[in-house]
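Asks: Return a 3D structure for these sequence lines:
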Amino acid sequence: MPILALKIDVDTLRGTLEGVPALLRLLDKHQLRATFLFSLGPDHTGRALKRVFRPGFLAKVQRTSVTSHYGLKTLLYGTLLPGPDIGRRAADPMRDADRAGHETGVHTWDHILWQDYVVRKNADWTRRQLQLAANRYGDIFGRPPQVHGAAGWQMNDAAYVLEQELGFTLASDGRGTHPFLPVVQGRTLSVPQLPTTLPTLDELIGVDGLNEHNVADHLLRLSTDGRDHVYTLHAELEGGRLAPVFDRLLQGWKAAGLHCTSMRSYADSLNLASLPHHAVRLGSIAGRSGTLALQGAAV
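Replies: Take a look at the predicted model:
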């Protein structure tokens, strides 16, 4: 039975307070487990507006109705409004996910800071950001984090090495086709990467005639090819306006015989010691502006 791992990125305060509870209800309805990756520090979403000058970003904003998904208040955090501390304001929904039996992990400390700067930063800066997130996770859950999924699929070489040093045992930091062990500067690391293999809803909607009414059927066709997959969803989207789309996806995946589960459950089905070794690189994908971490060539 093919596996479809559900990876839920939670980027904002609103996504944590509103999207996470909505997704917990939906997953409970289908009796499924998923992996929730939390942003744990300040919500500075408004600072993302400076990306307007990046190729493709403005087009994405126009076709995906960012304001309706994130809300005007969220889009002012870090600019006209101070950025609220997500971990302090919204620890209860995070713990609710854990109590409901879902896997939890680290998405980032400051989503905008990591997404916009990590590629150009050094190891000391990267260590501080990861350590801040790991410490806050420990404060909330009473244990160190085991899973990491990079904000915006943005990484640098130091981040892969630090995941191993800081005790993470599983990661999903980039886009690719199958699980692998990352090779960084000639060194094979021990933290397996389970890359996102499917496009996200915000990459699909508004392209080639796809909309909220037909995108589920398109994604079902992509994901029912007999292979295992990792699907990344966002608490702000599938836990909000696009919840009906996610509901249809869950129904369709179950009807097609896919085993929808958490990242950890997917990893437990693999022989991690025999995973192929792949380089990691930066590149672009359809529907998303800028560059992001990609699974590279086999080494």
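
Asks: Can you verify my assumption that residue 129 contacts residue 116?
Replies: No: with contact defined as CB atoms under 8 Å, residue 129 does not reach residue 116; the gap is 12.0 Å. Glycine gets a C-beta too; all of them are placed from N, C-alpha and C.

Asks: list residues touching both of these two?
Replies: Common neighbours of residue 129 and residue 116 are not found (criterion: CB atoms under 8 Å, 6 or more residues apart in numbering).

Asks: can you give me the helices in the stretch 151-299 of the chain?
Replies: Assigned by DSSP state H, counting those that start in this stretch, the helices in the stretch 151-299 of the chain fall at 157-165, 201-204, 215-223, 243-255, 263-268.

Asks: just these: most buried one?
Replies: For those, the largest average neighbour count (mean count of other CB atoms under 10 Å) is found in helix 201-204, namely a mean of 21.

Asks: Against which helices or strands is it packed?
Replies: The contact analysis (3 or more CB pairs under 8 Å, 6 or more residues apart in numbering; DSSP states H and E) places helix 201-204 against helix 215-223, strand 229-234.

Asks: Give me the pLDDT for residue 9.
Replies: pLDDT for residue 9: 98.

Asks: where does this protein dip in pLDDT?
Replies: For the chain, applying pLDDT under 70 flags the ranges 49-69, 71, 74, 77.

Asks: Walking through it, point out its strands one by one.
Replies: Here the chain has its strands, by DSSP state E, at 3-10, 35-39, 103-108, 147-148, 170-171, 181-184, 187-188, 229-234, 259-261, 277-283, 292-298.

Asks: Tell me where the longest helix sits in this structure.
Replies: Secondary structure assigned by DSSP state H gives helix 123-141 as the longest helix of the chain.

Asks: Enumerate the positions of that one that are buried.
Replies: Residues 126, 127, 129, 130, 132, 133, 134, 136, 137, 140, 141 are the ones in helix 123-141 that count as buried (16 or more other CB atoms under 10 Å).

Asks: what does stretch 266-277 give?
Replies: Within stretch 266-277, the residues scored as buried using 16+ other CB under 10 Å are 266, 267, 275.

Asks: and which of the residues you listed is nearest residue 4?
Replies: Ranked by distance to residue 4 (CB to CB), those are led by residue 266 at 8.4 Å.

Asks: Show the contacting residues for the closest one.
Replies: 3, 5, 194, 228, 230.

Asks: again with residue 137
Replies: So residue 137 contacts 38, 40, 104, 105, 106, 144, 145 (CB under 8 Å, 6+ apart).

Asks: For it, give its distance to residue 113.
Replies: 17 Å (CB to CB, to the nearest Å).

Asks: so what's the backbone phi/psi at the nearest residue to residue 224 once chain neighbours are set aside?
Replies: Closest residue to residue 224 apart from its sequence neighbours, by CB to CB, 6 or more residues apart in numbering: residue 256 at 4.6 Å. For residue 256, the backbone dihedrals are phi -80, psi 0 (criterion: degrees, to the nearest 10).

Asks: ok so, going back, present the strands of the chain as a markdown table; the columns should include distance to residue 17.
Replies: Formatted as a markdown table, the strands of the chain follow (distance: least, CB to CB, whole Å):
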| stretch | distance to residue 17 |
| --- | --- |
| strand 3-10 | 10 |
| strand 35-39 | 12 |
| strand 103-108 | 15 |
| strand 147-148 | 22 |
| strand 170-171 | 26 |
| strand 181-184 | 34 |
| strand 187-188 | 40 |
| strand 229-234 | 14 |
| strand 259-261 | 25 |
| strand 277-283 | 33 |
| strand 292-298 | 27 |
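
Asks: of all those, which lies closest to residue 45?
Replies: Comparing the strands of the chain under CB to CB, the one sitting nearest is strand 35-39, at 9.6 Å.

Asks: now the closest one against strand 103-108, angle please.
Replies: Angle, strand 35-39 to strand 103-108, by axes from the mean of the first three to the mean of the last three CA atoms, to 10 degrees: 30 degrees.

Asks: how many neighbours does the residue nearest to residue 224 have?
Replies: Residues contacting residue 256 under the criterion other CB atoms under 10 Å number 12.
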